[in-house]
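Just a sequence and a predicted model for now, questions to come.
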Amino acid sequence: MKRIVVYAMLYLLHTAFVNAQTMQPYSVDIATPGSFYALQKQPLWCWAACNQMVLNAVGIPETQEKQVLKLFGQLVNRGAGGNYELARMPLGGRYENEAGETVNVRVYISYGRFNDPLVIIDHLKKDIPLVMATKMHGRVCVGADYITDGRTCKITKLRLLDPAGPSEQVIEYTMQQFRDEGLIGFMTIDLQPDYTTINK
């Protein structure tokens, strides 16, 4: 009898362990991505439109024109290159949000790190979009499907806004489809209060 009980307990423990290791599917989405969608105003301004969408999503009333002026010093129809290094320059810095508060925007870029899925999911849960680009075109990630066993995580699908239009309709890619197109990582932001502006 004791042997039967031991076997039963071992079976239950094994079943619990297997179930704990099973990858479970989840989704995360920013609720109203159409509210901050921006159509690029020039053929080579996808980067500026993406930057605008990321900032507008967190309550910073930025425009494409301001982003272009910050980077090039004049309004020119010019791209930001095949990576995120130029586009990051006008994106980061000090801004005033819609509430009149001064915030510091810190840019985070990844060209492929082991913790990328966790960073992407964490930002989407905070309603912070991410710029995702190939060497030719940028889009803004506003949602993702992923699977996790509680220890590891893998993103399976992405939902994106395309600044080339024709509208704010969200498009969906599998992660593999986007990689096949030449995905070069992602860029996003974190907000920090500007303590230099707090009243004494």
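Happy to help now that I have it. Numbering: from 1, shown residues only.

quick one, what contacts residue 80?
Residues in contact with residue 80 (C-beta atoms under 8 Å, 6 or more residues apart in numbering) are 47, 48, 71, 86, 87. Using the backbone N, CA and C atoms, a C-beta is placed for each residue, glycine as well.

what's the farthest-apart pair in those residues?
Farthest pair in these (C-beta to C-beta) is 48 and 86. Separation: 10.8 Å.

Compare those two (neighbour count), which wins?
Using other C-beta atoms under 10 Å, the more surrounded residue of residue 48 and residue 86 is residue 48, with 31 against 16.

Excluding chain neighbours, what is closest to residue 45?
residue 64 (5.5 Å; C-beta to C-beta, 6 or more residues apart in numbering).

Which strands or helices does the host helix or strand of residue 144 pack on?
Element membership for residue 144 (DSSP states H and E) is strand 138-148. Under the contact criterion of 3 or more C-beta pairs under 8 Å, 6 or more residues apart in numbering; DSSP states H and E, strand 138-148 touches strand 24-29, helix 46-57, helix 116-125, strand 130-133, strand 153-161.

what's next to the shortest one, contact-wise?
Here strand 130-133 makes contact (C-beta under 8 Å, 6+ apart) with 46-47, 50-51, 54, 84, 87, 120, 123-124, 138-141, 158, 160, 178, 183-188.

Sheet-wise, list the partners of the strand holding residue 144 with their directions.
strand 24-29 (antiparallel), strand 130-133 (antiparallel), strand 153-161 (antiparallel) (DSSP bridges).

With only the CA atoms kept, save it in CSV.
What follows is strand 138-148, C-alpha atoms only, in CSV (Å, rounded to 0.1, in the frame of the first residue of the first chain):
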residue,chain,number,x,y,z
GLY,A,138,10.4,51.5,-40.0
ARG,A,139,7.2,50.5,-38.3
VAL,A,140,5.8,50.8,-34.8
CYS,A,141,5.0,47.7,-32.7
VAL,A,142,1.8,48.1,-30.7
GLY,A,143,1.1,44.5,-29.8
ALA,A,144,2.5,41.0,-29.6
ASP,A,145,1.6,37.3,-29.1
TYR,A,146,4.1,35.3,-27.1
ILE,A,147,4.5,31.9,-25.4
THR,A,148,6.2,31.4,-22.0
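
how far is that strand from where the chain is centred?
7 Å (C-alpha atoms, centre = their mean, to the nearest Å).

Compute the inter-axis angle for it and helix 116-125.
110 degrees (axes from the mean of the first three to the mean of the last three C-alpha atoms, to 10 degrees).

Give the rounded mean pLDDT of strand 138-148.
Mean per-residue pLDDT for strand 138-148: 97.

Quick check: buried residues in it?
Residues of strand 138-148 classed as buried by neighbour count (16 or more other C-beta atoms under 10 Å): 138, 139, 140, 141, 142, 143, 144, 145, 146, 148.

contact partners of stretch 180-195?
In contact with stretch 180-195 (C-beta under 8 Å, 6+ apart) are residues 54-55, 58, 82-84, 87-88, 91-92, 94, 101-112, 116, 119-120, 123, 128-136, 141, 173.
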